[in-house]
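Asks: model this:
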Amino acid sequence: MPMITYTDDTGESRTINATVGDSVMETAVRNGVPGIVAECGGSLSCATCHVFVDESQFGTLPPMEAMEDEMLWGAAEDRQDTSRLCCQIKVTDGMNLHVTTPHTQV
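Replies: Residues are numbered from 1 along each chain as shown. All right, here's what the predicted structure looks like:
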């Protein structure tokens, strides 16, 4: 079963079993993960699901498309090399992903 570990900016982590085909954002919202606001519900019109992907896993994800890249420049906290919008990361079979939420999303 796919698992996503969400770590907040204080270092507190929670690991959640995820459903293949859902987004990492949908998994967070459904399970009440703090730090994922998801204001637009995954329609790629905000940047309130900004996460930092574990550096060792970043390259295993499909590359971001231009619109996600553009939206990340408007994130409340400065983007980093491993920044992604988790509404754009689909859960895949066997995924074991670790993401960290920024201090703020708004």
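
Asks: Local confidence estimate at the residue positioned nearest the centre of the chain?
Replies: By CA atoms, centre = their mean, the chain has its centre lying nearest to Cys86, at 2.8 Å. The model reports Cys86 with a pLDDT of 98.

Asks: Touching, Glu68 and Ser83? I think so.
Replies: No - using CB atoms under 8 Å, Glu68 makes no contact with Ser83, being 9.6 Å away. The way it works is simple: take the backbone N, C-alpha and C, and place the C-beta from them, glycine included.

Asks: Please say which of those two ends up with more neighbours.
Replies: Neighbours were counted for Glu68 and for Ser83 using other CB atoms under 10 Å; Ser83 has more, 21 against 17.

Asks: Might you report the residue contacts of Gly74?
Replies: Ala47 (CB atoms under 8 Å, 6 or more residues apart in numbering).

Asks: ok but it is inside a helix, no?
Replies: No - in this structure, Gly74 is coil, not part of a helix, as judged by DSSP: H, G, I helix; E, B strand; the rest coil.

Asks: Spatially nearest residue to Thr48 (excluding sequence neighbours)?
Replies: Of all residues beyond its chain neighbours, the one nearest Thr48 is Val37 (3.7 Å), with distances taken as CB to CB, 6 or more residues apart in numbering.

Asks: Quick one: residues contacting the one you found.
Replies: 48-49, 105-106.

Asks: could I get these as JSON lines with secondary structure, neighbour count and distance to Arg30?
Replies: Shown next, in JSON lines, are the contacts of Val37 (DSSP: H, G, I helix; E, B strand; the rest coil; neighbours: other CB atoms under 10 Å; distance: CB to CB, whole Å):
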{"residue": "Thr48", "secondary structure": "coil", "neighbour count": "20", "distance to Arg30": "16"}
{"residue": "Cys49", "secondary structure": "coil", "neighbour count": "31", "distance to Arg30": "13"}
{"residue": "Gln105", "secondary structure": "coil", "neighbour count": "19", "distance to Arg30": "17"}
{"residue": "Val106", "secondary structure": "coil", "neighbour count": "10", "distance to Arg30": "20"}
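
Asks: so which of those comes closest to Asp78?
Replies: Set against Asp78, the nearest of these by CB to CB is Gln105 (12.8 Å).
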